[in-house]
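Undergrad: Need coordinates for the below:
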Amino acid sequence: RVSTRLSEWWVLKGHEVSFYTTMQPPEKEYAISSSIRRYYCHKASNGMMLIKNLHKSIKADHPDIVLIMDTPMTVYAIPALCGLNIPSVLSERSDPNTNAIKKKTRYLSRILMKFCSGYVFQTNGAKSCYTFLKNRKSAVIPNPIIMNELPKRYIGKRQKKVVAMGRLIPAKNYPLLIRAFSDFYVSHPDYCLEIYGDG
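TA: Numbers count the residues shown, from 1 in each chain. Okay, the predicted model is just below:
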């Protein structure tokens, strides 16, 4: 979602944008503008083939900069950029403490991310997990909100519910939500908490 939002925003600002993904599109995905070049560099049989496909696409396109969305992607993106002399910026998209990735991928990505030219984190908490990047260029930028797409404020009788929606995975930290709601519930026992999501 954030990748498509950023791509659309850059197009509106007059930039040319290419969108690289490491898998074929699912049946449902966020739509992107037809003015954005789309490359499907799927894994094929192994990771090395993916790196080769990614390198070939980036070399042909030769962008001014590559934005890597999420730390595990450095395992493919950084080797794919070898010899191309193109700077890269890594955007950490998850909570580093709960990101469910393989130990090998975590280890390799922490080594390869050092080759990036800059870094973007969603929170100061995420940034603090990478103390070895302390003196490197970085910024904290929360997820974007498209104001004109927010629904109008509901006017009418409300139910006393707190609702959360999202994938049921450790990175979403629902235990924290439940503990916070339990504190709230002590003084507001007429409320309930509902959680919706797959997983």
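
Undergrad: Is the nearest residue to residue 199 once chain neighbours are set aside part of a helix or strand, or is it coil?
TA: Of all residues not flanking residue 199 in the chain, residue 168 sits nearest, at 3.1 Å (C-beta to C-beta, 6 or more residues apart in numbering). (Glycine included, C-beta is placed from N, CA and C.) Using DSSP: H, G, I helix; E, B strand; the rest coil, the structure places residue 168 in coil.

Undergrad: Tell me who's in contact with residue 168.
TA: Going by C-beta atoms under 8 Å, 6 or more residues apart in numbering, residue 168 touches 174, 195, 197, 198, 199.

Undergrad: Just give the closest residue to the first one, not the sequence neighbours.
TA: Counting by C-beta to C-beta, 6+ apart, residue 195 is the residue found nearest to residue 174 once chain neighbours are left out, at 6.3 Å.

Undergrad: Could you export the helix or strand that contains that neighbour as PDB, CA atoms only?
TA: When elements are assigned from DSSP states H and E, residue 195 belongs to strand 192-196. Presented in PDB, the C-alpha positions along strand 192-196 are these (Å, rounded to 0.1, in the frame of the first residue of the first chain):
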ATOM      1  CA  CYS A 192     -16.000  -3.900  24.200                       C
ATOM      2  CA  LEU A 193     -13.000  -4.600  21.900                       C
ATOM      3  CA  GLU A 194     -13.400  -6.300  18.500                       C
ATOM      4  CA  ILE A 195     -10.500  -7.400  16.400                       C
ATOM      5  CA  TYR A 196     -10.800  -8.300  12.700                       C
END
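
Undergrad: ok, that strand: who's next to it in the sheet?
TA: Counting by DSSP bridges, the strands paired with strand 192-196 are strand 161-165 (parallel).

Undergrad: Counting neighbours, which bits of the helix or strand just after the strand it pairs with end up buried?
TA: Following strand 161-165 in sequence order, the next helix or strand is helix 174-187 (DSSP H and E). The neighbour-count check on helix 174-187 (16 or more other C-beta atoms under 10 Å) flags 174, 181 as buried.

Undergrad: for helix 174-187, packing partners?
TA: Helix 174-187 sits against strand 161-165, strand 192-196, with contacts defined as 3 or more C-beta pairs under 8 Å, 6 or more residues apart in numbering; DSSP states H and E.

Undergrad: tell me which element residue 19 falls in.
TA: strand 18-21.

Undergrad: residues near the nearest residue to residue 66 once chain neighbours are set aside, how many?
TA: Distance criterion C-beta to C-beta, 6+ apart; nearest residue to residue 66, sequence neighbours excluded, is residue 88 at 4.5 Å. The number of residues packed near residue 88 is 21, by other C-beta atoms under 10 Å.

Undergrad: For residue 88, give me its contacts.
TA: So residue 88 contacts 65, 66, 67, 68, 77, 78, 81, 115, 116, 117 (C-beta under 8 Å, 6+ apart).
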